[in-house]
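In: what follows is a protein structure lacking sequence information:
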């Protein structure tokens, strides 16, 4: 009897700590299940064509998980391992809006940061008129990506200070706010500002203010233990070896020790579903709040003075990179993609989130899924009939 009580308590404790959205059938919330299954055909065809080894698709509607399915394999080299719904992925650039956009807005709401603050206020090496908001909208004019190998050779690995100095003193592509150019350097600089203002490193700050608050227990910059075992590998390394649980992006991996504003976050469909619901609900989930409704609204709105470029604060609304939204979502949709094969799209008007996670870079970094993302988004959007 005592053993039964112990295991029941353990089970209930696990259920409480492992936050997941309530799962319901699509029809109960006005989603056409037959239409949704067309996404299965598209994803399975992509696997057959060798574009991806496998995938996880999650669809969130009206605060509930109406579809969650795993396809194919999470690993095909050096052995084959089936994909599961709980598989954890290297999110790559989906890291940018989650840790950059949300963290910046948290500090704005705390009165510790202004979007109009010049970067030079926090990093004196920057002598121009780049502002915090310019980093978030990719209108700063910073170069897209640093020469990682050269910087490692010159300064050594994990040389964040040298990286910041390099970026600060590099040529600009254009004057701030006159154009747009997607840049990983923007989020590296923003990371430094977040850490200076908060007094915490980015991993600790996001854990305390985002992931722990929402119960996102499958999200971290450096998965270990059981979380690492569930992580999908990315590229092949040596014979019989793959990269797993270490960020694929060279900048994040070699210069920032895996904790970077541009890439490095690992997560799964359940946790991204929770985050999506929080953003759809004005910053709160399950009675816990990470942002105010006004903070969320500001973060997902393209600033008027750079409206033509389609970039909100960390999130992509209508830029040329937003093809993952497909053709049928509303004008209020926002999201981001990741190089490794990840995608998150949230549509407030439809109260909908589409989470498509793949490791298209496994094992040879050859898969192309731009069309797959858009086709899946079209199918899911068309399935919302009520």
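Out: Perfect, thanks for sending it. Bear in mind that the values here come from a model prediction, so they are computed numbers and not experimental data.
In: output the below-cut-off pLDDT ranges for the stretch 1-150 of the chain.
Out: The stretch 1-150 of the chain contains residues with pLDDT under 70 at 1-18.
In: for it, what spans make up the helices?
Out: Assigned by DSSP state H, counting those that start in this stretch, the stretch 1-150 of the chain shows helices spanning 2-17, 33-48, 95, 102-109, 132-136, 148-155.
In: winner for burial among those?
Out: Among those, helix 95 has the highest mean neighbour count (mean count of other CB atoms under 10 Å), at a mean of 29. Heads up, the C-betas are built off the backbone N, CA and C, glycines and all.
In: turn the helices of the stretch 1-150 of the chain into JSON lines, columns for distance to residue 288.
Out: Output for those, formatted as JSON lines (distance: least, CB to CB, whole Å):
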{"stretch": "helix 2-17", "distance to residue 288": "13"}
{"stretch": "helix 33-48", "distance to residue 288": "29"}
{"stretch": "helix 95", "distance to residue 288": "22"}
{"stretch": "helix 102-109", "distance to residue 288": "13"}
{"stretch": "helix 132-136", "distance to residue 288": "24"}
{"stretch": "helix 148-155", "distance to residue 288": "38"}
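In: residue 359: which of the ones you listed is closest?
Out: Nearest to residue 359 among the helices of the stretch 1-150 of the chain is helix 33-48 (11.8 Å), distances taken as CB to CB.
In: where's that closest one relative to the chain centroid, distance-wise?
Out: Helix 33-48 sits 23 Å away from the centroid of its parent chain (CA atoms, centre = their mean, to the nearest Å).
In: all strands for the stretch 251-386 of the chain, in order.
Out: Using DSSP state E, counting those that start in this stretch, the strands of the stretch 251-386 of the chain run over residues 266-267, 284-285, 288-289, 334-338, 342-347, 352-358.
In: mind checking which of those is nearest residue 25?
Out: Proximity to residue 25 (CB to CB) singles out strand 352-358 among those, at 16.1 Å.
In: for the chain, longest strand please?
Out: The strand that spans the most residues within the chain, counting by DSSP state E, is strand 64-75.
In: which elements pack onto it?
Out: helix 33-48, strand 54-61, strand 81-82, helix 269-280 (3 or more CB pairs under 8 Å, 6 or more residues apart in numbering; DSSP states H and E).
In: closest to residue 159 out of those?
Out: Going by CB to CB, the one of those nearest residue 159 is helix 269-280, 30.9 Å.
In: residues in contact with the closest one?
Out: Contact with helix 269-280 is made by 19-21, 56-58, 60, 63, 65, 68, 85-86, 98, 210-211, 214-219, 284-285, 290-291, 296, 300, 344, 346, 348, 351, 353, 355, 357, as judged by CB atoms under 8 Å, 6 or more residues apart in numbering.
In: count the residues that sit near the closest residue to residue 367 other than its chain neighbours.
Out: Nearest non-adjacent residue to residue 367, counting by CB to CB, 6 or more residues apart in numbering: residue 360, 3.4 Å away. Using other CB atoms under 10 Å, residue 360 has 22 neighbouring residues.
In: model confidence for residue 360, exactly?
Out: At residue 360, the model reports a pLDDT of 98.
In: return the residues in contact with it.
Out: Residues counted as contacts of residue 360 (CB under 8 Å, 6+ apart) are 51, 52, 340, 341, 367, 368, 369.
In: and for residue 152?
Out: 159, 254, 255.
In: make it 6 Å
Out: The contact partners of residue 152, by CB atoms under 6 Å, 6 or more residues apart in numbering, come to residue 254.
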